[in-house]
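Asks: only geometry, no sequence info:
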């Protein structure tokens, strides 16, 4: 049965299997679109995937009014999985061309935040 191997290799395998179930498997089909054909040309979109997750647990105890003992505990977790196109690969009779996909919104937000940071630093 999976998860019954107490060796480090068995534990690592169990963790890896659990992460694949939670976040999905990193496969070529997750990073590249199906080829789209139009005449003699083929286009494939390349994607960058970002996946992250975290879990936390905590507990505590103390004394309330009247010296009553109190305890508490809790836990939680979460994650995110998102992708964005980074390039379009075009194959045709004239060869292969890779065209980057530029995210102007991300560039604009970065420049805006950098400008605010410089402005705040110079204000002091």
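Replies: That came in fine, so what should we check first? Here the structure is a predicted model, which means the values were calculated and not measured.
Asks: low pLDDT regions in this protein?
Replies: 1-5 (pLDDT under 70).
Asks: Can you show me the strands along it?
Replies: For the chain, the strands defined by DSSP state E occupy 36-38, 41-63, 69-92, 95-100.
Asks: Surely residue 54 is in contact with residue 78?
Replies: Yes - counting by Cβ atoms under 8 Å, residue 54 touches residue 78, with 6.5 Å between them. The way it works is simple: take the backbone N, C-alpha and C, and place the C-beta from them, glycine included.
Asks: Can you lay out the strands of the chain as JSON lines showing mean neighbour count and distance to residue 113?
Replies: JSON lines is the format used below for the strands of the chain (neighbours: other Cβ atoms under 10 Å; distance: least, Cβ to Cβ, whole Å):
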{"stretch": "strand 36-38", "mean neighbour count": "10", "distance to residue 113": "36"}
{"stretch": "strand 41-63", "mean neighbour count": "11", "distance to residue 113": "19"}
{"stretch": "strand 69-92", "mean neighbour count": "12", "distance to residue 113": "19"}
{"stretch": "strand 95-100", "mean neighbour count": "10", "distance to residue 113": "22"}
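Asks: Take those strands and lay them out in a markdown table including distance to residue 25.
Replies: Converted to a markdown table, the strands of the chain look like this (distance: least, Cβ to Cβ, whole Å):
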| stretch | distance to residue 25 |
| --- | --- |
| strand 36-38 | 24 |
| strand 41-63 | 11 |
| strand 69-92 | 12 |
| strand 95-100 | 25 |
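Asks: closest to residue 109 out of the ones you listed?
Replies: Residue 109 lies closest, by Cβ to Cβ, to one member of the strands of the chain: strand 69-92, at 13.9 Å.
Asks: follow-up on the earlier one: indicate which one of the strands of the chain is closest to residue 23.
Replies: Short answer: strand 41-63, nearest of the strands of the chain by Cβ to Cβ, at 4.8 Å.
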